[in-house]
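Enquirer: predicted model and sequence below, questions to follow.
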Amino acid sequence: MIVELVTETQPIDWGAILIQAVVTLGVVFGGAGFWEFVKTKFIAKREDKKDEDAVEAKVDILIEQSKTSTEQMNLISEDMKEFKKDLALLQEANEATVKYREARDQKDRDAAIVQQAIIESITGLMRDRLLDNYKRCIKKGYYSMEEREIYGRMFECYEKPPFNGNGVMHDLRPLMKKLPMKAEDVGKLNDDDSED
């Protein structure tokens, strides 16, 4: 009996089985609705794939941007380090300039003090020489042409800047001018006047 079944078996018609399956599925899923369902699933899968690809592309872009941003941040960090170094150099230069100016100003003040001391010393010496010349001429009762010239020139220097001498010497000047000249010198003056 088993032998009879095996020999009597017909070959399987796969086409008929497939059609039967499609019809059964069509009945189960409502005919054309099934194909819409399959189409929708297929489209949804394709859209999901596009979305995945888009997300992956965005992730790749973000990764690249983050690399670029990291590189830019590294460059900015290096620039900031250079800027800090430059700023430190500028601060050092500024401090050196301030110290130089302070030293220069101190030297200028010191030089002004020394200059003032020299002027005061020379003024004192001129005053002493003028007074000495005045006393000597008063004692003699006259003065020579040479003494008058020296006295006049020294007095001019004494009363002008930077010496600006004042005081007793101004009072003595008219008295000095009233002294007579040495007789020989008066004769020389008259001879000089006649030659002109």
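Expert: Thanks, I have the structure now.
Enquirer: got the CA coordinates for stretch 97-109 in PDB?
Expert: The C-alpha trace of stretch 97-109 is given here as PDB (Å, rounded to 0.1, in the frame of the first residue of the first chain):
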ATOM      1  CA  THR A  97      60.000 102.400  29.700                       C
ATOM      2  CA  VAL A  98      58.500 103.600  33.000                       C
ATOM      3  CA  LYS A  99      61.700 102.800  34.800                       C
ATOM      4  CA  TYR A 100      63.800 104.500  32.100                       C
ATOM      5  CA  ARG A 101      61.600 107.600  32.200                       C
ATOM      6  CA  GLU A 102      61.800 107.800  36.000                       C
ATOM      7  CA  ALA A 103      65.600 107.500  35.800                       C
ATOM      8  CA  ARG A 104      65.800 110.100  33.100                       C
ATOM      9  CA  ASP A 105      63.500 112.400  35.000                       C
ATOM     10  CA  GLN A 106      65.600 111.900  38.100                       C
ATOM     11  CA  LYS A 107      68.800 112.700  36.100                       C
ATOM     12  CA  ASP A 108      67.100 115.800  34.700                       C
ATOM     13  CA  ARG A 109      66.100 116.900  38.300                       C
END
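Enquirer: find the residue at the geometric middle of the chain.
Expert: In the chain, the residue lying closest to the centroid (C-alpha atoms, centre = their mean) is L90, at 6.6 Å.
Enquirer: per-residue pLDDT, it?
Expert: Per-residue pLDDT puts L90 at 90.
Enquirer: surely it is in a helix?
Expert: Yes: counting by DSSP: H, G, I helix; E, B strand; the rest coil, L90 is found in a helix.
Enquirer: could you check how far it is from D51?
Expert: In this view, L90 and D51 are 55 Å apart by C-beta to C-beta, to the nearest Å. For glycine as for every other residue, the C-beta is placed from the backbone atoms N, C-alpha and C.
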